[in-house]
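Trainee: Mind looking at a prediction? Sequence and model below.
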Amino acid sequence: MRGVWRLLSFLAIMLFLAGCGQENLSALDPQGPVADMQFDLLMLSLLVMVFVVLVVVVIFIYVLIKYRERQGDTHIPKQVEGNHRLEIIWTTIPILLLLIIAVPNVVLTFDLADTEPEEDQDVLEVTVTGHQFWWEFEYPEYDIEAGQDLYIPTDTRVVFQLEASDVIHSFWVPALAGKQDTVPGITNEMWLEAEDEGIYQGRCTEFCGESHWLMDFNVIAVDPDTFEAWADSMANPPQELTEPQSEVAAEGRAIYEESCLSCHATAGEGGNPQGGPDLTNFGERSNIAGFLEFNEDNLEEWIRDPQKLKPGNSMPGFDHFDDDEMEALVEYMMGLKVQD
Ligand code: HEC
Ligand SMILES: [Cu+2]
């Protein structure tokens, strides 16, 4: 009885874990052409494997029943050694099955490695840099930079140049395309396309340190016009970002200039290559630092002690701000928006 319960709870846990995938974080629910092609390949391989398992199991059970030892049965079955016909059959069938899997795999691998767009297709270039433990997205055609949230236009071939500043990371947006490593000193390439607007979750899938598991990001796909408008306002952010209108926010801005701007570029000012994400549009983030729900309490907690929330990241804590200073800073940061 105990064994049965164990088995049942094991199955329940497996089912629970299998259901863990949040929306838009599944390669089994592809939402763009690259993910579609990869999914088809997966299904083809699965089909071949299921076929092999079925054939083997059926033969196994048949032999088990038909040739089992019966009472009073002393007769030893005929022993077969070296049968040419059998050997040819069981060598040829696996070769054929492997070819069925290999040919489409090799063809697709080469197809996907080619980032050249088809004729008249819209293309967007993005340089991705993996950092411990956040993602940087640069749009060279627009001369803008974003952190954590990757905005892309729908129905556009987005071609990535993948780099890393410290250790090896791996860039993965399961619903849109398979993973690709980001390696210091090497630039890898990949592309993907989103068919529909929406938020697609991304992950780092190469163990890169203590907070690797918190190195999440979101891909935000919007229609091409909205994307152009977003890119334009990122390049020309509203003046309020640098000259806040409210008194409290202005106080926050002063604190920000003194303590934060050296690491976080904002509206084209500040930042440094070893610093943190560009915060020009921080007030529009889908979350904080890639994983915390976006709200004022979490922002305050992050600023006071980022090491507690995401151990090993490169931001120092600012626990010495008093409540008024913190309130002003948080108000200023929540107002960092480029769209109305
Ligand atoms: C020494 C450089 C440095 C300084 C100074 C610094 N930060 Fe950071 N900050 C970082 C780094 C690096 C990250 C990314 C951490 C991670 O996610 O791994 C970060 C992340 C953040 C994030 C999350 C960003 C996002 O995209 O969700 C916020 C918010 C933030 N910092 C606010 C501040 C504020 C406010 C100050 C000033 C009080 C400040 N930082 C000072 C380096 C710095
Ligand atoms: Cu990583």
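Mentor: Looks like it came in fine. Numbering: from 1, shown residues only. Ligands and ions are numbered 1, 2, ... in the order given.
Trainee: Can you read off the backbone torsions of V50?
Mentor: Dihedral angles of V50 (phi, psi; degrees, to the nearest 10) stand at phi -60, psi -40.
Trainee: Please report the number of neighbouring residues for it.
Mentor: Per other Cβ atoms under 10 Å, the neighbour tally for V50 reads 10. Just so you know, the C-beta spots here come from the backbone N, C-alpha and C atoms, and that holds for glycine as well.
Trainee: and what of T154?
Mentor: Neighbouring residues of T154 were enumerated by other Cβ under 10 Å; the total is 18.
Trainee: quick one: it from ligand 2, how far?
Mentor: Spatial separation of T154 from ligand 2 under the definition Cβ to the ion, to the nearest Å is 27 Å.
Trainee: who's in contact with that residue?
Mentor: With contact taken as Cβ atoms under 8 Å, 6 or more residues apart in numbering, T154 is in contact with 194-197, 221-224.
Trainee: how near is it to ligand 1?
Mentor: Distance of T154 to ligand 1, given as Cβ to the nearest ligand atom, to the nearest Å: 23 Å.
Trainee: Adjust the sequence numbering to begin at 30 for everything that follows.
Mentor: With the count now opening at 30, the last piece we talked about shows up as T183.
Trainee: Just checking: what are the partner strands of whichever helix or strand W164 is part of?
Mentor: With the criterion set as DSSP states H and E, the secondary-structure element containing W164 is strand 163-168. In the sheet, strand 163-168 lines up against strand 152-160 (antiparallel), strand 173-176 (antiparallel) (DSSP bridges).
Trainee: Name the nearest residue to D252, sequence neighbours excluded.
Mentor: Distances taken as Cβ to Cβ, 6 or more residues apart in numbering place T183 nearest to D252, at 5.6 Å, with adjacent residues excluded.
Trainee: Likewise for E354?
Mentor: Leaving out its chain neighbours, the residue that sits closest to E354 by Cβ to Cβ, 6+ apart is I284, at 5.8 Å.
Trainee: Point to the residue nearest the middle of this protein.
Mentor: If you average the C-alpha coordinates of the chain and look for the closest C-alpha using Cα atoms, centre = their mean, you land on G231, 2.4 Å from that point.
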